[in-house]
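A.B. asks: got a sequence here, can you build the structure:
(chains A, B, C and D)
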Protein chains: 2
Amino acid sequence: MPAKRKSASATAEHAPLQLEHFLPYRLSILSNTVSQAIADDYQRRYDISVTEWRVMAVLARFEGLSAREVAERTAMDKVAVSRALARLVGAGRVSRVTHDDDKRRSVLGLTEAGWRMHDEVAPMARARERELLARLDAEERAWLTRILDKLLSDGNGNPEAANR
Amino acid sequence: MPAKRKSASATAEHAPLQLEHFLPYRLSILSNTVSQAIADDYQRRYDISVTEWRVMAVLARFEGLSAREVAERTAMDKVAVSRALARLVGAGRVSRVTHDDDKRRSVLGLTEAGWRMHDEVAPMARARERELLARLDAEERAWLTRILDKLLSDGNGNPEAANR
DNA sequence: TGCAAATGGTTTCATATGAAACTATAACGT
DNA sequence: ACGTTATAGTTTCATATGAAACCATTTGCA
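C.D. replies: The predicted model follows:
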């Protein structure tokens, strides 16, 4: 057999992983580049982080949530939510009052300023998503949705994950 | 029209994002849960992080790389690689010597101990990947590969990303 | 009632991470 | 040869992150 270099270790006997074909690795790369690309749009412009934006996004859909509920819906842990809220409230983008019947809970919502920002960022985010999906044809897009639904159902995603 | 609650803001006029259908968000959730699940396998057991494991994985495939080349192939930045290498060398899992012709570069490779660990972790990682993919049927798996190839080619992934 | 356990949220602490500055060596142009 | 620029890699610093401890309030129940 023709002698190759390579210290005889990086060969069959060790069966090294091929990172570039390893699904978890590929997902991680894709997820990071995509999120980063989108975040770059508003990060600087509005001085807001991805986690903060996610909090705003759920508050735009569901007014009056508590912090815990926000954590559930964003799949973030409660520490992250607490911190994001601190900044958002500080920046006047989110309002927070104590729940009438349960003084532990807070009742959250977007402020006027929060809504204004939301209404600028949401279309941008959607546009970026469209750009990304434009690289697939209709059939591929349909499969992607289906596959993600499947992989995210059950153990993953947030549904039925009690607290965090 | 029938009056609904909800402060009249979270409605059509604002078109809030539906996080749970937003591709970047879904990718992020999936990527995190998958990576975490796999990492849990070896994290505690071998006291090694995901980034360190990735470095080991490429060194298993390509002996004698420099740190920069490792960074390229793992899509990690050079600071992360530098730190991972420091720990790996310290733990006796990676060997590092200075390149003969270029004293800036290091020449990296797995040690005996590194190989032993690699040979235990790699099959575990592959098994986890198989479990994940087992939730899809053959057709879906094929589409997923194709879609990821497409989305990762060009701007994303590491190919042609000069340095970082 | 009154007290143990649970829950909502925040703070603390230890670790992870990236950008920018820095050190050492090499490459390039004159 | 010699200074300028580029490259490999490390360190520093500021920020991000999560687990665990913590405080306040509420719930469950004897």
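A.B. asks: distance check, the residue in chain A positioned nearest to DNA strand D against DNA strand C.
C.D. replies: Closest approach of chain A to DNA strand D (C-beta to the nearest atom of the strand) occurs at A:K103, with a separation of 3.5 Å. Where C-beta positions appear, they are placed from N, C-alpha and C, glycine not excepted. To DNA strand C, A:K103 is 9 Å away according to C-beta to the nearest atom of the strand, to the nearest Å.
A.B. asks: do the same with A:L27
C.D. replies: A:L27 sits 16 Å away from DNA strand C, going by C-beta to the nearest atom of the strand.
A.B. asks: please export the alpha-carbon coordinates of the helix or strand where that residue lies; CSV is fine.
C.D. replies: Element membership for A:L27 (DSSP states H and E) is helix A:23-46. What follows is helix A:23-46, C-alpha atoms only, in CSV (Å, rounded to 0.1, in the frame of the first residue of the first chain):
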residue,chain,number,x,y,z
LEU,A,23,-25.0,17.2,13.2
PRO,A,24,-24.7,18.9,16.6
TYR,A,25,-21.7,20.8,15.3
ARG,A,26,-23.4,21.9,12.2
LEU,A,27,-26.5,23.0,14.0
SER,A,28,-24.4,25.0,16.4
ILE,A,29,-22.5,26.8,13.6
LEU,A,30,-25.7,27.6,11.7
SER,A,31,-27.6,28.8,14.8
ASN,A,32,-24.7,31.1,15.8
THR,A,33,-24.2,32.6,12.5
VAL,A,34,-27.9,33.2,11.9
SER,A,35,-28.6,34.6,15.4
GLN,A,36,-25.5,36.8,15.1
ALA,A,37,-26.5,38.2,11.7
ILE,A,38,-29.9,39.2,13.0
ALA,A,39,-28.7,40.5,16.3
ASP,A,40,-26.1,42.7,14.5
ASP,A,41,-29.0,44.6,13.1
TYR,A,42,-30.4,45.9,16.3
GLN,A,43,-27.6,45.2,18.8
ARG,A,44,-25.7,48.4,18.2
ARG,A,45,-28.6,50.4,17.0
TYR,A,46,-30.7,49.9,20.1
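A.B. asks: quick one, it and helix B:23-46 angle?
C.D. replies: For helix A:23-46 against helix B:23-46, the angle by axes from the mean of the first three to the mean of the last three C-alpha atoms, to 10 degrees is 120 degrees.
A.B. asks: tell me what helix A:23-46 is packed against?
C.D. replies: Applying 3 or more C-beta pairs under 8 Å, 6 or more residues apart in numbering or on different chains; DSSP states H and E, we find helix A:23-46 packed against helix A:50-61, helix A:112-133, helix B:23-46, helix B:112-133, helix B:138-152.
A.B. asks: hmm, back to that, count the neighbours of the residue of chain A closest to DNA strand D for me.
C.D. replies: Here the number of neighbours of A:K103 (other C-beta atoms under 10 Å in any protein chain shown) works out to 8.
A.B. asks: please apply the same query to A:A122.
C.D. replies: Around A:A122 there are 19 residues (other C-beta under 10 Å).
A.B. asks: please apply the same query to A:E69.
C.D. replies: Around A:E69 there are 16 other residues, counting by other C-beta under 10 Å.
A.B. asks: that one should be in a helix, yeah?
C.D. replies: Yes: under DSSP: H, G, I helix; E, B strand; the rest coil, A:E69 sits within a helix.
A.B. asks: got the residues of chain A near DNA strand C?
C.D. replies: Taking C-beta under 7 Å from any atom of the strand, the part of chain A that reaches DNA strand C is made up of A:66-69, A:78-79, A:81-83, A:85-86, A:99, A:102, A:104-106, A:163.
A.B. asks: compute the inter-axis angle for the lowest-mean-pLDDT helix or strand in chain A and helix B:112-133.
C.D. replies: Using mean pLDDT, DSSP states H and E, helix A:23-46 stands out as the lowest-scoring helix or strand of chain A, at a mean of 90. Helix A:23-46 runs at 80 degrees relative to helix B:112-133, counting by the same axes, to 10 degrees.
A.B. asks: quick one on the thing from earlier: centre of the chain to the helix holding A:L27, how far?
C.D. replies: Centroid displacement of helix A:23-46 relative to its chain, using C-alpha atoms, centre = their mean, to the nearest Å, is 9 Å.
A.B. asks: got the angle between it and helix A:50-61?
C.D. replies: Using the same axes, to 10 degrees: helix A:23-46 against helix A:50-61 is 80 degrees.
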